[in-house]
Structures are given as C-alpha cells and as structure tokens.
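In: Generate coordinates for the sequence data below:
(2 chains)
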Amino acid sequence: MHMGGLNLSSPANILHGGESGPILSKEKPEESKLLQAIGYQASVKMPPQGKLKDQEIADITEWVKAGAPMPADKVAVVATTKKKEWSKAQKEFWSFQAIKVYPVPQVKNASWVKTPIDNFILAKLEEKSVAPAEPAGKLTLLRRATFDLTGLPPTQKEIDDFLSDQSADAFAKVVDRLLDSPRYGERWGRHWLDVARYADSTGADEDHRYPYAWRYRDYVIDAFNKDLPFDQFVREQIAGDLLPAKDGGVNVNGIVATGFLSIGPRLIAEQDKVKMLYDFIDEQIDTTSRAFLGLTVACARCHDHKFDPIATKDYYSMASIFASTKAFKKIEGTVSQMYFAPLVPKGEADQYDAYLEKMEDRKREMTLISEEEADLYSASLRPKVADYMTAAWRVCHLGKPEDKQGLDVEVLRKWVEYLRQPAEEAPHLGKWLKADAGNHEQVAKGYQAEFDAAAKAYDAKVAEWKKKGDTHADRPKPNGVNNQFFGELLMGQGPFTRTGHYTEASQKRYDALKQELADLKANTPKEPPMACAVSEGLPVTQKVFIRGDAGNPGEEVTKRFPVIIAGENQIPVTQGSGRLEFANWLTGPSHPLTSRVFVNRVWQWHFGEGIVRTPSNWGLVGEKPTNPELLDYLASAFMKEGWSVKKLQRMIMLSSTYQMGSQITKEKFETDPGNRLMSRVDRRRLDVEEIRDGMMMLDGSIDLTMGGTLQSGFGTDGENAEGRLSIRPETVKRRTVYLPLRRSNLPTLLNLFDFGDATTTNEGRSKTNVAPQALFMMNSSFVTERAKNLAKKLVENDSLDNRRRVETAYSTVLARKPTEDEVAAALAYVQAFDAKRNAEGWQSLCRILLSSNEFVYVD
Amino acid sequence: MDFQAISRRAMLRQAACGFGSLGLTSLLAAASSANPLAPKKPHFAPKAKRVIFLFMHGGPSSIDTFDYKPMLEVYNDKPLPFKRPLTFAEGNVGNLMKSPWEFKQYGQSGLHVSSLFPNVAQCVDDLCVVKSIVGDSVAHGGASLQLHTGSNTFTRPSMGSWTVYGLGSENQNLPGYITIKPSLSHGGAKNWSSGFLPAAYQGTAIGNAGMKREDLAEPIEYLMNKGLTPDQQRFELDMLQKVNRQHAMTREYDPELEARIQAFELAFRMQTEAPEAFETEKESDATKKLYGLDKEETKDFGWQCLLARRLIERGVRFVQCSHSYKWDQHSELVKLHSRNAREVDLPIAGLLKDLKSRGLLKDTLVLWGGEFGRTPVVQGGDGRDHNPYGYTMWMAGGGVKGGFSYGNTDEVGYYAVEDRMHLHDLHATMMHLLGFNHEQLTFAYAGRNFRLTDVHGVVADKVIA
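Out: Okay, the predicted model is just below:
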C-alpha cells in the first residue's frame, strides 16, 4: 500500500516514511506517527476498519521503543496472487452457462401465436392466468413501429398506404420498408453509439477533439443499414485493423471500426503518464466487458471482483491485450499525443508524414537561427545594462533625451519604456523604482551584477545543450534560468531584443529556409483520410498491479480471457496484442454471453426493458432474466440466422407480443405491475433525438443528409472559448445523431432530455420528467419555430377550411384524426384569438399538439 | 430511506418485488413523490443546510495567502531541502521563493492573512482555515474533477449533485444546484454533472466563464418566453392541459402522464417566480457597494456572490461561483495574483458579512479554494508551479469552527504534514455537516454502490464547532 507515499514493503522504505515524513521516531519513540495512527490518536487511523487489540498495540509499541529492529538485508517483497478457486454457486451462475435449446412451449390460446416468441411469452402469461393485451390499433402500431425503427413519425402517405392495405402481410410490408430505410441505421446505430459511449472529444481534462471519430459513427450507422452480421461487427470493433480487406488493400472499414476502443475519455494532460495509460486501458476494459459480455470486469482492478468470479488476474490479462495495443502516438510530454490511423496504404501515409517532417525541420532551423542571432546581437549589449539604466534615469528624471553617451538610441528608448512599470506589478524592479538621484548609479550596478549572474547560468545551459547536440530538443531560452529581469530583457519586446538584421550568412540561410517552407507548403499532398482508431503496439509483459497501483507490480499474467468463461486451459496468446484472438473468442459459437447480451439489448430497445433488466450487468447483483427460455431461444435463433440483426427484429416485430396494445387494466396493474410477464407493450417517452428530429420532420425543415462531420479543427480551444461548446441543436437542421458531441460541454437540450454523458457506456437512458423539459416545450425558439412553420402551411393553404385545418394539424402531429369534440374544442380555441392574431392562434394550437403527452409518448 | 428518484417503472418494479398490489391512491402518491427534487431529510440533524462554493480556478498560492511560512524568508533562493515530487512543468522549476506579500495577524483568533486579502482578513474570526488539503493530480483537469466529484479520472456525480440527491431542494421553482459562470475547460460540465445520478440532479449553469454578465440573455436557458404575455401563455397552457388530461383519461394507471402534466404547471410557476431571484439590481446601493458592484474590478465576482446569496436565500441547495481560470501563475505571480485577489477579496468579504448579518451564515457552509495550491519553489521568473500535496482551502459558517486553523504543511509549505485533509476527507466532512454519513449516501450503479467519497474519506471532527 502506498497511501500518503508510505511504502511498507521493505525495511528501508519503512524507515524512510511517507510524504508526511518518518513514521518512526528514534528520539521520541512514543511520539512516532505509527503509534499515533494505530492508537487512533492522529487523523490517520490505522487499520481503518477497526482498532487493533490492546495487546497487539502494546507489542508494536515495545518494538518501536526497542528501536524498531528489522531484518538487516532487503527482503524482496513480491506479492503473489493465489490461484483463485471459484465456488460451485459461482461456477453454476446462470449467465455463465451455455445457451440451451428449449422446446417451444405449448400454449392453450394457439391462435394468438404468430411467431415462437409468442409461445414463450404466452406460456408465462397462461401460467399466471393473465391475458395478453388487446392488439394495438393500426395507427398506433404504425406510429410505434415507425418511431421504433427510424426515430421519426410516419408521414401522411405512409399512414394512408397502411390504412388502405387490407392484406394479411400489410404490417410485414411496413416493417420491411422501415428496415430498408436509411433512417433505420441512424436510429439503431444511435442505440449502439450509446453503448459505445460515442463522442467527438476526449472529455474531462482539456477536451481535445477526436477529429475523425465521426467515421466510426458513420461506420456504425452503415453497419446497421447493411445488416452487417453482428459477430463480424464485434470482431471489427475489437480487431478490424487485423482483418484482411476484401480487395486485399487497406481494410478501411476494419480500421475505422476499432474507433470503439479509441474514442473513450482520455486525460492526455495528466502528468503521471503510467496512471494516464492504465486509466485509459481501464476504460477500454470497462466499456468492452460491459458492452459485449455484460460483465463489470473493471471492478477487479484493485482486488478480485466483490460479487462475481472475476479475479484481478483476469483483469490484468485483459489489460495486457490493451496495453499491447497502440492508442497513443507519443505518451511523453506535458500533453500526450493521440494516435490516429491513416486509411491509405503505408507508403502514401509515410509520404505525407515526410512532408510534415520536412516542414517541421525547416521551422525548427529557422527558430534556431533567430535564437542564435538574438544572442549574437545582445552579446555586445550585455555589459551595458548599468549604462543603459543610468542613461534611462537621465532621460526620465532629468529630461535629457539628447544625452545618450554613445548608446544606441533605439535600445535606450526601449529601456525607458521597460523601466516605466508600476512598482506593485514589478517587484523585481522594486529597488530601481525606489532609487534616487544619489544612489541610482549604484543600484544600476547591482542590476548589472544580477544580470551577469543570470547570463552566466544561461550561457552554461546553452553550452550544455550544444554539447548534447540533440537538434530536436529546444534550445534553452533566456526565461529558463529563473531570473525575471534577465528573461524580460532578452525576450519578447525586451530592450535587448531585435527582429531581423541577421548576419549575412544567417540571413541568406533564413531566407532560403523560408522559401523552402513556402514551396513545401504549396506542394504538400492533401492529408490522407484518417481515423480515430487503434493498431498493434509493442507487446507488453503485464503484471498484476497490487491494489491497482502501477508502482506495486505483482505476478506476471499471460494474455487470456476471463477464466470463469474461457476456462483454465486456455492457450495463452504469445504473438501480437491478442485482440484478434479476443474478438474471435467473443464471437465463438459456444460463447454464453455475446449473443445473449446483444439480443437482450435489441429486446430492450424495442420494448423499453430487456429480458435481463440490467443489460450491461449480468453478474450477481444484476437482475435475472424474466424469461430465460425466451432469451436462449432468441440467442440461438439469432446465431442460426447468421447474426442478422434485421432478421431478429423482423421476428420480434411480427409477433403478437410486439403488436399488443399498451393499455394497463386494473387486472394487469395488480397481477403484472412491472410488466415482467409482458402482458402489454409499455408506453414510452420519445428520446431526445426523436423529439428533435420528429418535430423537424413534421414541419419539413429537417435536413436528411447522411454522414460526414459538422465539427472542424483539431486539438482544443481557449479556456473559455465558444469552441469548447457543442453545436447548439437549435442552429442546425441535421438529424441529432450527426451533431458533434464535445464531452465536456454537451448542449443543454441533450442534458435536459436524459441523453446521458457520452462518456461512459450507457445501457439505457433514464426517462425523467422535470419542469425544465416543459420549459423547453413552452419557451424554446426551436419548438416555436416548428409550430410557426406548421401553422403557416395550414393558414396559407386556401383550399382548407378551418375544420380541415384542425384535422390536418392532428394527423400531421399525432398521426390520427381528431374526434368531433376535439375539432370543436380546437376551433373554439383558435377563434378565441382575435382576427389580427389568427395566425398566432394556429401557431399556438400547433405548439400545444407538439408539446402534448400524445406526441411525446408512443403507445 | 430511499434516495432513488422513482420512475414509474422503477416504482412498479419495487412494487413487484415487495408490496403485492398497489392501490390507485398510492400510485398517485408515487407520481407526486416521483419529483426527484422534493425536500428530503438527511441521516441526522445537519449543521449546514446549503453550500456556497467559491471556486478559485487555476490554483491560488496558499503560501502567499493564508498559510504563513516565515521559514521561507530564511530559505529564500535556496534549493528545496528534499526531493521534489512530480510537478506539472517538470524541468523548469528552481529554488525556493519567499512570499512577495506581507502577512499579518487579524481578529481575536490572530490567524495570519497576507496583504492580498485585506477585506477577507476582517472576517478571519469566521474562517476555518484548512491548511492541509491534499489532492492526487498535478494537472488542472484531474485536479478540478477530483475537487468537484471525488474522482480525478472518471465521470462521477459532482458534490453539488450528491447534495441535492440527498437533500432535495427547498424551492421547487428554482433548480436545486446552480453554478454561476462556470469554466468550460478542465472538465467543463463534468464538474457539475450528475454522472450516473438522474439528470434532475445536475447543476444548472448560469452562463459560462467566457461570457460577460451583460450578455446573459436569460439566466436559465429556456426560462423566458419571448413572444407571449403570461396571460397568453396561461391560456395556451390551459388548453394543453385539457388535451393532456383527455389523453390520460383513456390511459389509466400511468403516473408518468400525470407527472408530465404537473411538470408543466411547475414550469409555469418557475418562469413566473424564478426570474425574481436573479434581479440583483433590486438590491440597495449599500448592499451593491458591500459586494463591490460599483467598481469595475470587483463587479463581476461581486455580482456572482450577491446572486449566490439571493439564490440560497430562496432555498437553492448548492451554489457555486467561479473565478474562472485566473489563478494559474506559472509566471507573473505578483502582478496577476494581485489582480486576482483585488477582484475577489471585497466581494467575498461582502458575502460573508451579508450572510452573517442576515443570520444565514450559521447554517450556510461557505467553501473557498482552488483545485490545488502552488509550489514554494519558483518557476518562470516569479511564478510558482502546481502543488496538490498540501494546500489551503477555507470554510466558513455551516457548523465549522470560526477563527480556527486546521492542519499544517511543512516549514516551506510543500507537503501537508499535520491533520492531512485529502479531498475525500473534505467531501466526507462537508457531507457530515449536511447531515449525512458519507458512507451511506450511496447510489447503485454498474454493479456496486457508489458514493461521493468512493472507498475513502474521514470526517475531520476537529473542524466542527
């Protein structure tokens, strides 16, 4: 343990003590910090979980008083982790068991069954004598399916088509149409982006941009749209860069897919670089294990998992894989540099890098020339510090500008300016500013001496730098010798600085470099397409970090997968990072978790709750499946159908289960209050994307352009610059999924409506109902603009009478016809506005419909 | 006690687990108690009912403000006598540098304050100066995050969010947790985020540090309607509620629909009543002067402090004022620390005096400080580097001892050596003052119970009055 810098692993360390000094006092043993801590007399109380027994304290006190004798030589302390034996219950825990094939259960009400899913659901309902809900009406079903698959409301034409289609497979046609729509990937890709904690910046820290993260987002949308088999989707996200491209070239999609591992939050300005790296790896482990395995492996960083059979060794085996994966270009330095992968053949990428490198070289040499020349220029001025100061005195106090005594007039002017600083802001000039006619020459000499000492230190640093001959290391600067006076004179606009006026040879070289730089700039090829991605790094021999402390390494681990699932007899990975092997293991046909965890997510994204209601935690404290047989049936069917997500969804949506209504009756409320039996479909509030995109769809203002990025630039911005903010959703018309997400400052709209933090994997959005959301509906310019546009269309259409206007408003916003009462109420409402405000009346009515529960909830 | 904000499903899930069947009455009761900001009782009688945090972003130097180190005069310009720990600007630090400011003793307590804070010095008998704060990060990002959330790495709920999660809010017309002109950098919104707690507990930002107060169109986004009079809006709202009730009538047993209807009523009250809280111009000239609103240099932070008082007076639970990213003097310490102190000294003293005269100080905890202090060794001419190993924050009111100095650093002010108060301990102590056992104010997430203090935190009993 290293609390407070205290390390008790060896006698030397014990004697050394911690950050707060020695813990043992030889002079006054009874005042030793150690004894105060175990006696619970100090603020640090050890051991924290409870005071030692009196006898134990007495023994230790005696030992300290005896001078704390310890074994003379160093005891090599290597903590070992015992081989962990899991209990029978842990081994037999349900989620680790193989997927079973259950017979499709028999049901009494066979006519209700449309797909085998219905057998599994109805069997449970019949067991409890609960009836399934009545089927949803056609309009309800269409609105539900359209929002569900595309995140948008149905259009008038779609409504009319479906209502007029009396064929038995009318709804199947709707489902197919929606699954084929490019809007589908934008909605379902977004679900996965929640799990992948997608964002366009590093978050925390300095919030640097991920300039190419959007390619990963577009890849995910495309993967859903083209129904990329889910096992391939998993493999690509973990190890796509290691998979061959179809055409033998660069596997662009594969590289981009590994963005999953790359776009997590990073604190790249953290100074403890080992901590930075292992925090990043921890984040990769956390997201990967929760996303694919439904396991909280990251809980085992400091100690074996408290509830689940995951050992610290399992954690560090996974860490070993990611530690051998490249995600940083350069770790050293105040701000570490992230790795971005080129999406072109290596030669082409190298060529571009070479151009950049050449330009850097020119710039570096130019800087060097300026610095050398600055020193050359100031060399003759150095002994004249006191002369210039006294001359400046005469100028300021005696008003004798002509009296330059052989000094350079421009330099003197700068001195005069420099010495005119308020005393409270320039304490280093305090003596000078207090000097008087009698002593100022003496004081000036003092400053000359101070300057000379600093100059000596500076020259020594420069000499040392020259001796090293490392042209990539910066030349020492005058402000690097901790003398403010010296630094100010020789840098910036200081009196001993001058721009240009180099010696002839230097000037010639400088100009030549400038020309070369301009030529290079003009001829630099376009930056090749890049991705926020990972690639293979140097293989790391990973050790367990005892209590998560990198400074306290324990036993070495091999690259292998959690033992509770993969077993003891794994062949450790010996070549490469092990990502490819990990990806293949995850998607193997007998893996008990990957397929099940995903089909459960799909179920949850359709119905609001999963069959396992803790979708990213399938451990002991997670929930048990409400219908384990159905879960396994879905997982098997999913794999049998080639991991096709669309086929799975088709099967779900064509079931009677999906097509039930959302009515809660008294009977259902009492027998199935939490809808664990699936006696109905839960009503759900729209997500923020559906609210925003849906409203823009209704008034026709939406821009359905796909892909690309709205973010520009690299790195980060000024501390409180506008650039630190995410784009305001009110100012653009693209679908919400395409808005760049600056993690440190998400837009208010997204925060208001439970978007989540885009920083940790999100297993499901919360659905809060708070007043600030209502304020958005009532007061935002966004909703007002939508209402205005809708009203305009109504009012400007002369072919409509007021009654038809009300009907159009209802069918546009709520996808249904108004009742007679509703028409009457709406007409009365609009007519209450006087004639001059007629348009406002319609606008108000539209805002009411947009803000209504009926629009914001889907039955 | 149940601190979870109860959503319909969560509530029904619990019902399914335990209560058997729920009647309609209890269902409706649950709908209204589903308000996550309803006031709640803490674990035990609290000393503090609310918090004002004055965040000095950048890291003010302790040894130039409240931690008097006479030995630095002796050691001035000498090398540090022990190994320097990890700093931010690794290669670029030099010898020890004494404080350019003069320290004097003030008040009955005789605590030392430097000439940077002449006005706060007058309030010294109300301050509990903690000289031994310890954090784990030498960079702003991690340090700021740890100060606000306890973690220097991950996204966790901020201390304001935990406070509101635990106590709810006393004024339903205002957010429970407000941060005035917060910094966009070094974590930005992560510093006032509710993390995995429900979104209702996140801080509401009033503008940001990059804005001028004058440019703040509306204090809370979407608070003001720009086209309708209140009567017109009420007329519209009545129709909306009619439509909503009609809709709910055919959809029984769904408390969420009722909750959303109520949310609109609350929103209407909020927009009618909340703006008044922000009308600082209504204060008397004497009060404005007390906070320095009449001077260019102090008017921005003065306004923040005055607004903080108005907000807590109206029941807001946690208010943060930010003197944003100004205190990071790697060089030009004298010039810029002087300017910074001039900008905040008078407003802070004004706030303390005002709270006291209104009887609010006794149960309002005021916390002052930055994400770390600065090194006793020099950097960049007359600057200082970051120092999280032992630095000063002070508390006032809210049940802490006044005129009290707690903890200490070594003789040059580098490491905390006596009564160390890690940020986890600070959080534990704050939670204690608010009436919570910090180990029991938890939230279940991702497989375990989380709390503000993670697995750490010891309450500093000695600071409690």
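In: For A:L356, which residues are in contact?
Out: Each residue near A:L356 by CB atoms under 8 Å, 6 or more residues apart in numbering or on different chains is listed here: A:T524. All C-beta atoms are positioned from the backbone trio N, CA, C, and that covers glycine.
In: Would you verify that it is located in a helix?
Out: Yes: under the criterion used here (DSSP: H, G, I helix; E, B strand; the rest coil), A:L356 sits inside a helix.
In: And the pLDDT for it?
Out: The model reports A:L356 with a pLDDT of 90.
In: for B:S21, same thing?
Out: Taking B:S21 on its own, its pLDDT is 35.
In: Equivalent analysis for B:D285, please.
Out: Per-residue confidence at B:D285 stands at 97 (pLDDT).
In: for it, what are its contacts?
Out: Taking CB under 8 Å, 6+ apart as the test, what B:D285 contacts is B:D294.
In: With the one 3 residues further on instead?
Out: With contact taken as CB under 8 Å, 6+ apart, B:K288 is in contact with B:280, B:294, B:302, B:306.
In: if I look at B:P198, how far off is chain A?
Out: As judged by CB to the nearest CB, to the nearest Å, B:P198 and chain A stand 5 Å apart.
In: okay, now that residue: neighbour count?
Out: When neighbours are counted by other CB atoms under 10 Å in any protein chain shown, B:P198 registers 22.
In: Touching, it and A:K767? I think so.
Out: No: at 9.7 Å, B:P198 does not count as touching A:K767 under the criterion of CB atoms under 8 Å.
In: Restricted to buried residues, select the contacts of B:K288 in ChimeraX.
Out: To isolate the buried ones among those in ChimeraX, judged by 16 or more other CB atoms under 10 Å in any protein chain shown, type:
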select /B:280,302,306
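In: And the contacts of B:K288, which is closest to chain A?
Out: When these are compared for distance to chain A (CB to the nearest CB), B:G302 comes out closest, at 19.3 Å.
In: Spit out the contact partners of the closest one.
Out: Shown in contact with B:G302 (CB under 8 Å, 6+ apart): B:288, B:291-293, B:295, B:346-347, B:350.
In: From B:Y75, how far out is it?
Out: As for B:G302, its distance to B:Y75 is 38 Å (criterion: CB to CB, to the nearest Å).
In: picking that back up, farthest-apart pair in the contacts of B:K288, please.
Out: Pairwise distances among the contacts of B:K288 were taken by CB to CB; the largest, 12.7 Å, belongs to B:T280 and B:D294.
In: now the closest residue to chain A within the stretch 301-450 of chain B, nearest residue through space, not along the chain?
Out: When you check the stretch 301-450 of chain B against chain A by CB to the nearest CB, the closest residue turns out to be B:G381, at 3.1 Å. Nearest residue to B:G381, sequence neighbours excluded (CB to CB, 6 or more residues apart in numbering or on different chains): A:Q484, at 3.1 Å.
In: Just give me the neighbour total for that neighbour.
Out: 23.
In: do A:I221 as well
Out: A count of nearby residues for A:I221, using other CB under 10 Å, gives 26.
In: For it, give me the backbone phi and psi.
Out: Dihedral angles phi and psi of A:I221 (degrees, to the nearest 10) take the values phi -60, psi -40.
In: and if you look at B:C128?
Out: Comment: the main-chain dihedrals of B:C128 come out as phi -110, psi 100, following degrees, to the nearest 10.
In: correct me, but it touches B:M395?
Out: Yes: with contact defined as CB under 8 Å, B:C128 counts as touching B:M395 (4.7 Å).
In: intersection of neighbour lists for those two?
Out: Between them, B:C128 and B:M395 share the neighbouring residues B:V463, with contact defined by CB under 8 Å, 6+ apart.
In: Could I get the full set of helices for the stretch 301-450 of chain B?
Out: Secondary structure of the stretch 301-450 of chain B, counting by DSSP state H, counting those that start in this stretch: helices at B:333-357, B:423-433.
In: Among these, show me which one is buried the most.
Out: Per residue and on average, the most neighbours among the helices of the stretch 301-450 of chain B fall to helix B:423-433, with a mean of 25 (mean count of other CB atoms under 10 Å in any protein chain shown).
In: same for that one, what does it pack against?
Out: Secondary structure elements in contact with helix B:423-433, counted by 3 or more CB pairs under 8 Å, 6 or more residues apart in numbering or on different chains; DSSP states H and E, are strand B:127-134, helix B:159-167, strand B:364-369.
In: want to throw those into CSV with mean pLDDT?
Out: Formatted as CSV, the entries for those read as follows, by pLDDT from 0 to 100:
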stretch, mean pLDDT
strand B:127-134, 98
helix B:159-167, 96
strand B:364-369, 98
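In: got the contact list for residue 430?
Out: Let's take chain A. With contacts defined as CB under 8 Å, 6+ apart, A:G430 is in contact with A:A423.
In: oops, chain B please
Out: By CB under 8 Å, 6+ apart, the neighbours of B:M430 are B:48, B:51, B:159, B:365, B:367.
In: one more time with 10 Å, if that's ok
Out: If you count contacts by CB atoms under 10 Å, 6 or more residues apart in numbering or on different chains, B:M430 has them with B:48, B:51, B:53, B:159, B:162-163, B:365, B:367, B:395, B:398, B:400, B:436, B:438, B:452-453, B:457, B:459.
In: what does A:K668 give?
Out: Taking CB under 10 Å, 6+ apart as the definition of contact, the neighbours of A:K668 are A:130-133, A:675, A:677, A:679-680, B:253.
In: now swap in A:W415 and tell me
Out: Contact partners of A:W415, counting by CB under 10 Å, 6+ apart, are A:384-385, A:387-389, A:391-393, A:395-396, A:407-408, A:489, A:494-496.
In: And A:K793, by the same measure?
Out: Residues in contact with A:K793, defined by CB under 10 Å, 6+ apart, are A:699-700, A:800, A:805, A:808-809, A:812, A:842, A:846.
In: Heading C-terminal from the helix-or-strand element of chain A with minimal mean pLDDT, find the next helix or strand.
Out: None of the helices or strands of chain A scores lower by mean pLDDT, DSSP states H and E than helix A:11-16, at a mean of 60. Read in the C-terminal direction, the helix or strand following helix A:11-16 is helix A:33-38, with elements assigned using DSSP states H and E.
In: Sort out which residues of the next helix or strand after that following helix are buried, please.
Out: For helix A:33-38, the following helix or strand on the C-terminal side (DSSP H and E) is helix A:54-65. Neighbour-count burial for helix A:54-65 flags A:60-61, A:64 (criterion: 16+ other CB under 10 Å).
In: What sits closest to residue 330 if chain neighbours are left out?
Out: With no chain named, the answer covers chain A. Closest residue in space to A:K330, ignoring its immediate chain neighbours: A:Q337 at 4.3 Å, by CB to CB, 6+ apart.
In: sorry, should have said chain B
Out: Ranked by CB to CB, 6+ apart and with sequence neighbours excluded, the top spatial neighbour of B:H330 is B:G383, at 4.3 Å.
In: what's the pLDDT at the one you found?
Out: Reading off the confidence values, B:G383 has pLDDT 91.
In: what's across from it in the sheet?
Out: Beta-bridge partners for B:G383, by DSSP bridges, are B:Q379.
In: Spit out the contact partners of whatever residue of the stretch 101-250 of chain A ends up closest to chain B.
Out: In the stretch 101-250 of chain A, the residue found nearest to chain B is A:D205; the distance is 3.2 Å by CB to the nearest CB. Neighbour list for A:D205: A:265-270, A:276, A:335, A:716, A:743-744, B:137, B:139-142, B:144-145, B:152-153, B:185-188, B:190 [criterion: CB under 10 Å, 6+ apart].
In: Can you tell me the SS state at it?
Out: Each residue gets one of three states, and A:D205 gets coil by three-state DSSP.
In: nearest residue to it other than its sequence neighbours?
Out: Nearest-residue entry for A:D205: B:G141, 3.2 Å, with adjacent residues in sequence omitted and distances by CB to CB, 6+ apart.
In: which residues in the stretch 351-500 of chain A form helices?
Out: Taking DSSP H, counting those that start in this stretch as the criterion, the stretch 351-500 of chain A carries its helices at A:385-398, A:409-418, A:430-434, A:440-468, A:484-490.
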